Each structure stands twice: as structure tokens, then as C-alpha cells.
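Participant: Please find the sequence and the predicted model below.
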Amino acid sequence: MHWRKQAAVENVSVRTKGYGFPGVTVDGNDVLAVYTAMKEATERARSGEGATLIEAKTYRLVPHTSDDDDRRYRSREELEEWMKKDPLVRFGAWLQEQEIADQHKLDKLQEKTAREVDEATDYAEKAPVPAPESALKHVLVDE
């Protein structure tokens with residue numbers, strides 16, 4: 001469902017005012033903007049100033065599930081436009097513009113990352129099913 005049908009506010013982050021802590025809205029497709037917001041929130045929390053809600057606005061590039069036909073609620077043109085804003089594509093271009101990395105280095109990083117994801121997926125798929133009573137473990141602090 002489109003976010004405009006779920007909330008009456010443009011930015012969910014404004015709701016934090018009612019709870020007495022800051023909320024920040026950032027372009028979730030901008031790696032550096034997200035990093036900056038996270039860094040500031042982390043510093044704030046570590047200094048004892050409390051929580052910060054970070055609303056990183058982005059776009060889901062793939063259907064929710066293999067059974068979801070997203071062509072029913074968005075056009076291919078809309079999706080193509082958002083593909084150009086993909087955070088990995090944008091950040092890769094920025095790294096090349098800043099001469100921090102060239103395409104070869106980015107390709108090697110992509111290969112390494114894909115390998116790590118595949119290994120983690122294999123590990124998770126082979127792991128035993130957890131006991132139902134473990135669902136609440138590490139959720140709350142016992143005092």
C-alpha cells in the first residue's frame with residue numbers, strides 16, 4: 001500500500017515531537033545522508049541524550065514476495081526512474097567521481113559482498129529451527 005494511504009503526515013519523523021525526542025527525515029537513497037544522520041543519532045544516544053527516530057525514505061525496487069505482481073500498482077516507467085536512484089549505484093558513482101574507487105575496485109567489492117551474502121544465506125538455511133520459547137529471548141532487559 002502506498003505510504004500516503006497509511007499516514008496523514010508527509011514525514012513520519014514529525015510524530016516524535018509528541019514523545020519529546022527528535023525525528024529526522026533523510027533521503028534513504030543517499031548513502032552519505034543516511035550515514036550523517038546515523039552518526040549524529042549515535043553520538044546523541046552515546047552522550048546520554050536519548051533516542052532519535054531516523055526516517056530514511058527509499059523505494060522498494062522488487063515485489064514484496066514472489067507472489068506479488070507489482071505491475072498492478074506501479075508502472076515499469078516508475079520503477080525504471082527509481083532504479084536510477086538506487087543507493088548503491090549513486091554511491092558507486094560518487095566514489096568514482098571522488099576518485100576513491102574505480103569500476104574494477106567496485107566490481108571486486110560487489111563480488112566479495114555477494115559471496116558473503118551467499119555464505120550467510122547458506123548458514124541460515126542450514127541452522128536448526130529455533131525453539132518457540134526462544135522468541136522473547138534478548139527482547140527485554142530483566143531487572
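Facilitator: Here it is on my side, so go on. Everything numeric in this text was worked out from a predicted model, so none of it was measured.
Participant: Low-confidence bits of the chain, can you list those?
Facilitator: Within the chain, the set of residues satisfying pLDDT under 70 comprises 1, 142-143.
Participant: all helices of it, in order?
Facilitator: 31-46, 76-83, 87-97, 103-126 (DSSP state H).
Participant: The first one packs against which elements?
Facilitator: It stands for helix 31-46. strand 23-27, strand 53-57, helix 87-97 (3 or more C-beta pairs under 8 Å, 6 or more residues apart in numbering; DSSP states H and E). Where you see a C-beta, it was placed from the backbone N, CA and C, and this is true even at glycine.
Participant: Pipe those into JSON lines and attach mean neighbour count and distance to Lys39 per row.
Facilitator: Shown next, in JSON lines, are the helices and strands packed on helix 31-46 (neighbours: other C-beta atoms under 10 Å; distance: least, C-beta to C-beta, whole Å):
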{"stretch": "strand 23-27", "mean neighbour count": "18", "distance to Lys39": "11"}
{"stretch": "strand 53-57", "mean neighbour count": "16", "distance to Lys39": "11"}
{"stretch": "helix 87-97", "mean neighbour count": "14", "distance to Lys39": "16"}
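Participant: No further queries at this time; thank you.
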